Every structure is written in C-alpha cells, then in structure tokens.
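Student: Fold the following.
(2 chains)
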2 protein chains.
Amino acid sequence: MSEELGITVKKKENFSEWYNEVVLKAQLADFSDIKGFMVVKPYGYAIWEKIQQYFDEKIKKIGHQNAYFPAVIPERFFEKEKEHVQGFSPEVFWITHAGKTELGERLALRPTSETIIYASYAQWIRSWRDLPLLINCWNSVFRAETKMTKLFLRTREFLWQEGHTAHATKEEADEEVMTILKIYRQVMEELLAIPVITGMKTESEKFAGALYTTTLEALMPDGRAIQMGTSHNLGQHFAKAFGIEFLDKNEKKQYAWQTSWGISTRLLGAITMMHGDDRGLILPPSLAPIQVVVVPIIFDKSKAEVLKKAKELSEKLSQNFSVHLDAREGYSAGFKFNEWELKGVPLRVEIGPKDIEKNQVVVYRRDTGKKESIAAKELSKKTKAALEDIQKNLYKKSLDFLNSNTHEASGFMEFKEIIEQKRGFIIANWCGAVKCEEEIKERTGATIRCLPFDPFGKSVDGKHFTSINKSGKCVFCGSDCETRVYFARAY
Amino acid sequence: MSEELGITVKKKENFSEWYNEVVLKAQLADFSDIKGFMVVKPYGYAIWEKIQQYFDEKIKKIGHQNAYFPAVIPERFFEKEKEHVQGFSPEVFWITHAGKTELGERLALRPTSETIIYASYAQWIRSWRDLPLLINCWNSVFRAETKMTKLFLRTREFLWQEGHTAHATKEEADEEVMTILKIYRQVMEELLAIPVITGMKTESEKFAGALYTTTLEALMPDGRAIQMGTSHNLGQHFAKAFGIEFLDKNEKKQYAWQTSWGISTRLLGAITMMHGDDRGLILPPSLAPIQVVVVPIIFDKSKAEVLKKAKELSEKLSQNFSVHLDAREGYSAGFKFNEWELKGVPLRVEIGPKDIEKNQVVVYRRDTGKKESIAAKELSKKTKAALEDIQKNLYKKSLDFLNSNTHEASGFMEFKEIIEQKRGFIIANWCGAVKCEEEIKERTGATIRCLPFDPFGKSVDGKHFTSINKSGKCVFCGSDCETRVYFARAY
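Tutor: Numbering: from 1, shown residues only, chains lettered A, B, ... in the order given. From the prediction side, this is the model:
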C-alpha cells in the first residue's frame, strides 16, 4: 500500500509525470470533472492562505485596501481598450443565457478585471484628492486555455490577487510598480525560498494594454523558466479608454496613470517543482501548514505513556510552531513517516519508549533526510534553529541551481547548443528587433524572459530602472547593441 | 457640500431609500454597470473581512479546512439531484462559448456548489477513515434574480462562505448542522450585535435538495424579517445522486450523510438596516474597520502643537484599538465629524488647543450621540469601556426592538391586523398543512420564518432539536395543533 501512495516516478527521469504525482498525492490539488478546471484541496489551499496573509499584510501596511468587483464583464466594456481585447478575446468564456432567457448583451467571465474595475474608477475619481487609489482583489480568473493544462501551472480557472491602482503622475505609477515588484520578490525569496530575476518584459511579451510590464522569473529544475508574477504600468491607456479623469491641483483635467499587478496559485506549482524530491513535496517552513509533525512510536505495553509524552511535546511546541500530532491508530510509524514526507512537512519528531527512558527525542529533517537524537528539553530551541536552517538551505540550494544554470551566449550557435543541452537561463545581447526575438523563439522555443534590472541576488529598490547594459553583438543578427537580456524556454 | 454628502432621507420616513443612501454614501458598496451586480467597496469589504476572520478561526479550531472548487458546473452534474435543479435552474447563468468556439456542454456559473463539490467527494471518500470530511469555501455565487435587486440584500452575485461536510451517520450530520448554527448565532449576536431566532424551515422553505434546513432570522427596523444564514442537513440525497459511498467499520457500503451551510455579504445589509440612523451607518465596535477616529481641531497658531498631540494619542490608542487619525488639510472639523458619523465609526476623539491646556480630550459616542470631556491620561481605559458599552448597547437596542415587535396571534383576523399595522414577527400555531402556509402567504405576504428551537435569547446547544410546542388552533384553519411558528414578511 505504501508504494501505491508514494511517488512512483523519479524527478530526474520524468519531471512532468513526477510533478503530477506530487501535486495529486500530496493532496495539493485535484482535477475536476470539467476539462482544464482544478480543485485546490485543503492542503494546497492552506499554503495559498499563507501566501495571502503575508502579501495582504504587506500591502495593507502601505495603504492598499481590498475590494470585490463583479466576475462578469459586459462585452462592450471589454472592447474599449484595443490591445487588451485582442490579447484576451481568444480565451474568454461567454455567458449568453440567464435561466431560459437569452441575455441582451453577452457577459465575459473575467480573464482579468481591468475593464470592469476601471468602469467604476471612472465614476469614483474626480479630484487629485481621490488619488492615489490603491485597491487589491482576491478572486479567481478564467481563461479558456487551448494548450495542454497542468495543475497550478495552466488551468482554465485559477486563484490570484489583482491589484489596480490609479495615480496622478507617471512617476507615482512607476514607483508603485516597483514597490509591488519588491514585495513580490520578498514573497518569492523569503516565503517560497525561490530566487527570482526581476526585469522588464519586451513589447511582445508585455501585458495586453500595458505601457510596460515588469516581471519576476524563476528557473525550475528542468531548466525552464516560470513567470512568478508581474507588475504593470498601464500608462494612461485604460484611463483614456474609460474616461478616468481628475482635476489636478491647478483645476486642470488630467487622465489618471494606472498600474495593475498579480500573483497566483501558479506559485504552488513553482514550490512543488523547485523543492520537491523523489519522496514528494518539500515545503519551506514559512509556508508549511504543518511545520512539525510529532509521531509517537507505539508498542502495546508502553502505548499510554508514549502517547501522553507525545501529546505533551506537541502542546509545548504548538506555542511557537504549527504542529500536528499524528496519533492515528491502525497505521504503522513507517506509513506515517512516508505520508508526512510526501506532504513535505519540514520537521518530524519521533518519540518511542526508548527515547522516553533516555529523555530524548528523534528529529528528522525533510530537506536533508538527516535524523538526530536530541535531549527532550532542547526540543523547542532546536526546532526553531532547524526550521530557520531549512528555510535558508532551501533558498540556497535554489540559488545555487539558478547560478549554475545561467549561461552566457555570444552567438546563435552557442545559444542553440545551450538551450538544447544545458537548458536554463541564457544571458545574451539583443538588438531590440522584434524580428530577432521571433526568430529565436521559432527556432529554439526560447523567449526573452526579461531585460533584467539588476544582477540577481541583489534587491530591487525602485531606482534600478534600466537593464544591465554591456556592449556586444545581438545573439541572433550579430549587430552591435547594448541591451542584455535573459532568454529561456518557459512554462 | 456637507448636505450633499450626508443622508437626505429619514430612516422612519422612507426606509428603503434611506438604506440605499447609507450603503452608497458610507461607501460600503456601489452599483456596477451590469444590471443587478454590485461592487463591494473597500470599506464594506473590510467589514466582510472581519466577519471572515471571526468565522474562519472558529470553524478551523474544530477541524474544518478551506478549499476551492471550480466556479462552473457542467449541466449534467447540475441535473443529478432533482429537487436541487428545480430550485435553482430558473436563475442560472449559462456559459455557452469559449472564445469563438461553442462548448460541447453548457456550463452553469455556480448558484451554490453542492453538485460540483460532491462530484469530487464521490472520488475522495472511500472508507469511514475519510470521514468526517469538513470543508469550507470562501467564494461568490451567481443567481439571475428576476425580482428587484438591492445592494447586499439581493444581487446577482454575492460573496459568501459555503461549508460542505460528509459524515458517517445522520446523528453526526445533525450535530454538525447545530454546531454551525451555534457559531452563526455567535457571529450575529457577538459580532454583528443582532439577536436572531433560530429554528427549522418548513418543507416549502427548505433548501432545494435538503432533508431539512435550519435558519437564523432577524427582525429589521421596518418590521420585516431577514434570513441571516442557513445550515442544512442534506441527508443522503446528494450522496445517492453522486455516489458518495464509503465502507463502514464492518466493511459494508454506506451512503454518506451531508451538510451544507452559508452566510453571505447580505449580513452587511442587515448591519446597516439594524443599527444605522439619520446620520448614517453605526458600526458595532467588534466589526468596525476603524473603531476610533481622532480629529485634531486645528487653528493656525496652535496647529503644530495640536497635530503633534493628536498623533501621540493616536499612536498610543493604536496599541489596542484600530485607530485612524484624520489630519487632512482643507477640511473643517465639522466636515470630518459628519463624514465619520456617516461611516459609523463608533468613537470619535477630538483634541484642540483648549483641551491641551486642560490635559483633556473630548470623546463622542456614535451610538448615543453624547460628548464628554475626559482626562487625557484616562483615554485608553475609557476607550475600552466605551467600545464595550457600545457593543452591548447596540445589541440591547436590537433585542428590545425584537421583543417589542414579536406578537402572538391566535386567529387569522388578528394575524392580518398585526401584519398590516404593527408588522414584526408573529408567533402562532400552525397545523402543518402546506395549504394553510400558502394561503397565509398569498393573503398577507407573510411566510413561516421558522419552527423555533428555543425561546430567543437562549443559546442553541445541539440538544434543543424540537420546536416549542403548545396546544392551540392553527392560525389559518383553526384545527387543533401543537406546533408554534414564527411568521413575518421577509427580505
């Protein structure tokens, strides 16, 4: 039975199948009976809640507020911003009937909420006193993906947050874009233990309707990049389409400058891919719904005593950590070990009759697989230290992976070789021509992930607003240019 | 300008118009540009978040977990439970296209999620070990209301939580229904300061597909009842329709027993109606996003000193309460007073140069309208006491209103007179015949709100599972019967 429950595929051998098994067997998510739609199961949802709490607190502290806007958008709104409608139309779900009545106008199920939200903003914003307007929404969006769907990474509905702000000047909107990008980076690096490259999207890769898009890109163990979040300056594009105007301090009418930004349950996919191993999920302690599982090692004659001690230890640990005591009967200790390893619980505490005799417990670290006997009275202190160390260790491993899988390419032959054989990120010069970008994509499957703001590892502070330039030759056409970009095949 | 911003209609004169003005002007919600759909604005959403936190914590403590299921339901699922489909079909929004492609099967936008969730439960539940399954979802639902819509009270989309549990026995499902009803009562009474009558719905008023429905009913100031929440025992109806079977401890196949239950943003409507007055909203302190607003009384020469003192006081109060310092320039103190009264902030602290001289502050209570000068050093203590008192006072006022507007009727003439002239709840005997229930509804507009569990004011403990019976004659047909019920016209 334990084989059946455990992961049957090796991460190195069949990454995609391994991923599906981990997501399903660790009970993060499940397929629904509707093609392309997923169920986020309680264990996965609890991780999402940790991300929500962390991000929500940070944005509220700097003046953002949550709100809710309708999930449906009248077709006429949707069509107001031309680039936007072109970008999203092909994958919109349309509502045509209510009961037996055909609707007078079709309603789009939101693929993103710019258009419905900005129709309200146009009514709410009158004066510079109404700005900045800083609103965030926690909801779900719908996109009729035609590509193969994959749990968390590409589904027809997913959970996310979408921030929508309006400002008096471009500078303030720029600042907001970068402030959010910085918080996103903290989410990725501090909470998810995944290092990211931040930078600017190219014109072809930017959000439909944006002035520019900034992005956070991570590298997954199969050498493909994943877009972890985006923060857009929308310029005045939507303000002009929807009539979001305000009187400035000089009583002059101006169009508002806007931003929008989002992260989604896709992050749960990245966590799974990045940290997991052949035994299943590995969760960073700061995200883990259960940080410590206590497993009593039960023999008939010492059962009562062991359970009592295990309960005591659990209660004590619960004061500072999120702890689960697995006192189920009818399951062997080995079965429980496998199950909690599969679910990625960072730390396991085992306690049996011999441990009680010696006033000790056994502590097992999920990330390193190491077991250690420690004095029972040291448990709280050691738990704290171990959890901190696991968090750091997971980040460091990911960063090492990123570093050792980021390559430079000076010509297209080299580029192709890297993308076929080593995969990972490629840093190269690019002349800025859409033609070169497209040719590279067509011939190698690699896209420009971003024009980086900063060498990775360093923080984004809102001032590094240019890419790292260096004279060189465009990796495709060979013409002289300054701009260096990150390429990769991506999810 | 202050007239324009303030409430222009008296609560007693035009309750419905007064309500609309308060919801809009206190910025709880707004109409969207789509007929019948609302926007929950940041101030309203912050109140909803308080309700979420309170309820979420309580249900998690007793083993419930959150999850997310698709917002769309294939037509074939929707049709599996016959009573359910009959109840909901007329108001379902249908998705028929994705991009330009017509879907092979229409998808319903969830009006409630029983059918999509139970399709998953049928796959997840195999053994008694998988039970109880206790899941809650925070999401929105969609109902194409044909009646006049009203912000919070009847809209085509609203936010709610829906709990869905599966159990091994009817008794466990009964217990769950009552456990949740008890928590709902705490939400209403402790948080919202609104007393409720709990009881059982009649067959005609129960949830479509349920075995029975329990409800919490409150009485609004216009004498109409409002259903504040419901908790259903679904019996094995859905389990049989969806094949939710498990092997019991004797290895015998059994159908699961299920419950579902929900409260929604409708509660924000009830809070508004119940506590508000001609100046606007009045929020119970335990729900108020801002519990205390500090307004500095500014004159040119003492401005710096007053602002400094106001900031000090705010920071000190912020340690224990949720405080907002309104230091905006260009608005008079009077304007600010009106605005925060409109938004229902329970307590206002005013501080001006004369107060500083005397080491005092002025404290204004929104519920009583009383102003009091107190020693500055007493502020924290007095704030705590005042907030507690406001919470109690609002509840007591509501309870007094409920008591004095609950009438007994022994015959139909008396019944009609009460419903036309006094309104409110009517307690009367009912023979149990659907015919009598329907005739009363048709002739008076009043429905049976519930068969009460308990005299109101007393707690529901899961054991009071019968209505309060008393021999008498059916208020409509005059036949002898035992069952006493609550009637009212309702929202």
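Student: C-alpha only now, for contacts and for neighbours.
Tutor: Noted.
Student: what's the spacing between the residue nearest to the spatial centre of chain A and A:Arg224?
Tutor: Closest residue to the average C-alpha location of chain A: A:Leu267 at 2.5 Å, with C-alpha atoms, centre = their mean. From A:Leu267 over to A:Arg224 the distance is 15 Å, taken as C-alpha to C-alpha, to the nearest Å.
Student: Specify the residue ranges that define each domain of chain A.
Tutor: Domain assignment of chain A by automatic domain parsing yields the ranges A:7-275, A:292-386, A:406-488.
Student: Which of the helices and strands in chain A ranks last by mean pLDDT?
Tutor: Of all helical and strand segments in chain A, the minimum by mean pLDDT, DSSP states H and E falls on helix A:2-5, at a mean of 56.
Student: give the contact list for the residue of the stretch 151-300 of chain A found nearest chain B.
Tutor: Closest residue of the stretch 151-300 of chain A to chain B, C-alpha to the nearest C-alpha: A:Glu157 (7.1 Å). A:Glu157 sits next to A:Gly36, A:Phe37, A:Met38, A:Ser140, A:Val141, A:Phe142, A:Arg143, B:Pro70 when contact means C-alpha atoms under 8 Å, 6 or more residues apart in numbering or on different chains.
Student: which one is it nearest to, not counting chain neighbours?
Tutor: Distance criterion C-alpha to C-alpha, 6 or more residues apart in numbering or on different chains; nearest residue to A:Glu157, sequence neighbours excluded, is A:Phe142 at 4.4 Å.
Student: isn't that neighbour right next to A:Arg154, touching?
Tutor: No: using C-alpha atoms under 8 Å, A:Phe142 makes no contact with A:Arg154, being 10.8 Å away.
Student: Stretch A:133-152: which residues count as buried?
Tutor: Buried residues in stretch A:133-152, defined by neighbour count with 16 or more other C-alpha atoms under 10 Å in any protein chain shown: A:133-145, A:149-152.
Student: For chain B, see how far away A:Phe31 is.
Tutor: 9 Å (C-alpha to the nearest C-alpha, to the nearest Å).
Student: burial count for that residue?
Tutor: 17 (other C-alpha atoms under 10 Å in any protein chain shown).
Student: Then A:Lys370?
Tutor: By other C-alpha under 10 Å, 9 other residues sit near A:Lys370.
Student: residue ranges of the helices in the stretch 1-150 of chain A, please?
Tutor: For the stretch 1-150 of chain A, applying DSSP state H, counting those that start in this stretch gives helices covering A:2-5, A:15-25, A:42-61, A:75-78, A:82-88, A:114-124.
Student: Averaged pLDDT, the fifth one. What do you get?
Tutor: Averaging pLDDT along helix A:82-88 yields 86.
Student: Just the CA atoms of it, as CSV, please.
Tutor: Extracted in CSV, the C-alpha atoms of helix A:82-88 (Å, rounded to 0.1, in the frame of the first residue of the first chain):
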residue,chain,number,x,y,z
LYS,A,82,-8.0,47.7,-28.2
GLU,A,83,-4.7,45.9,-27.3
HIS,A,84,-6.4,44.4,-24.3
VAL,A,85,-9.3,42.9,-26.1
GLN,A,86,-7.0,41.5,-28.8
GLY,A,87,-4.9,39.8,-26.1
PHE,A,88,-7.7,38.3,-24.2
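Student: chain center to that helix, what's the gap?
Tutor: 24 Å (C-alpha atoms, centre = their mean, to the nearest Å).
Student: ditto for the fourth one
Tutor: Here the centre of mass of C-alpha atoms in helix A:75-78, compared against the chain's by C-alpha atoms, centre = their mean, lies 29 Å away.
Student: what comes up buried for it?
Tutor: Going by neighbour count (16+ other C-alpha under 10 Å), the buried part of helix A:75-78 is A:Glu75, A:Phe77, A:Phe78.
Student: rewinding a little: doesn't the residue nearest to the centre of chain A fall inside a helix?
Tutor: Yes: under DSSP: H, G, I helix; E, B strand; the rest coil, A:Leu267 sits within a helix.
Student: which residues touch it?
Tutor: So A:Leu267 contacts A:Phe152, A:Met228 (C-alpha under 8 Å, 6+ apart).
Student: check contacts around A:Ala409.
Tutor: A:Ala409 makes contact with A:Phe415, A:Ile426, A:Ile427, A:Ala428, A:Val475, according to C-alpha under 8 Å, 6+ apart.
Student: Which strand or helix spans the fourth one?
Tutor: For A:Ala428, the element it lies in under DSSP states H and E is strand A:425-429.
Student: rewinding a little: in CSV: the contacts of A:Ala409, plus pLDDT.
Tutor: CSV is the format used below for these (pLDDT from 0 to 100):
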residue, pLDDT
A:Phe415, 98
A:Ile426, 97
A:Ile427, 95
A:Ala428, 95
A:Val475, 97
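Student: and which of those residues is nearest to A:Asp367?
Tutor: Distance to A:Asp367, by C-alpha to C-alpha, is smallest for A:Ile426 among those, at 28.7 Å.
Student: ok, the closest one touching A:Val475?
Tutor: No: if you go by C-alpha under 8 Å, A:Ile426 and A:Val475 don't touch, sitting 10.4 Å apart.
Student: shared neighbours of those two, anything?
Tutor: Joint contacts of A:Ile426 and A:Val475 (C-alpha under 8 Å, 6+ apart) are A:Ala409, A:Phe415.
Student: Please identify the buried residues of the helix ranked longest in chain A?
Tutor: For chain A, the helix with the greatest residue count under DSSP state H is helix A:379-404. Neighbour counts over helix A:379-404 (16+ other C-alpha under 10 Å) mark A:379-380, A:383, A:386-387, A:390-395, A:397-399, A:401-403 as buried.
Student: so what's A:Gly330 scoring on pLDDT?
Tutor: 88.
Student: go on, A:Ile418?
Tutor: 97.
Student: what does A:Asp300 give?
Tutor: In the prediction, the pLDDT value recorded for A:Asp300 is 87.
Student: again with A:Phe78
Tutor: 84.
Student: what residues are up against it?
Tutor: Applying C-alpha under 8 Å, 6+ apart to A:Phe78 gives the contacts A:His84, A:Val85, A:Ala108, A:Thr115, A:Ile116.
Student: Near chain B, list only the ones from the residues you listed.
Tutor: For chain B, no contacts are drawn from these by C-alpha under 8 Å from any C-alpha of the partner chain.
Student: Among these, which one lies nearest to B:Lys435?
Tutor: If you rank the contacts of A:Phe78 by distance to B:Lys435 using C-alpha to C-alpha, A:Ala108 comes first, at 43.5 Å.
Student: thought the closest one was touching A:Phe93?
Tutor: Yes: between A:Ala108 and A:Phe93 there is a contact under C-alpha under 8 Å: 5.8 Å.
Student: could I get the contacts of A:Glu157 as a markdown table with distance to A:Trp340?
Tutor: Formatted as a markdown table, these follow (distance: C-alpha to C-alpha, whole Å):
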| residue | distance to A:Trp340 |
| --- | --- |
| A:Gly36 | 29 |
| A:Phe37 | 27 |
| A:Met38 | 23 |
| A:Ser140 | 30 |
| A:Val141 | 32 |
| A:Phe142 | 33 |
| A:Arg143 | 34 |
| B:Pro70 | 27 |
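Student: List the ones among the residues you listed that fall in strands.
Tutor: A:Met38, A:Ser140, A:Val141, A:Phe142 (DSSP state E).
Student: Now tabulate these in JSON lines and tack on distance to A:His164 and pLDDT.
Tutor: JSON lines is the format used below for those (distance: C-alpha to C-alpha, whole Å; pLDDT from 0 to 100):
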{"residue": "A:Met38", "distance to A:His164": "26", "pLDDT": "97"}
{"residue": "A:Ser140", "distance to A:His164": "15", "pLDDT": "98"}
{"residue": "A:Val141", "distance to A:His164": "15", "pLDDT": "97"}
{"residue": "A:Phe142", "distance to A:His164": "18", "pLDDT": "97"}
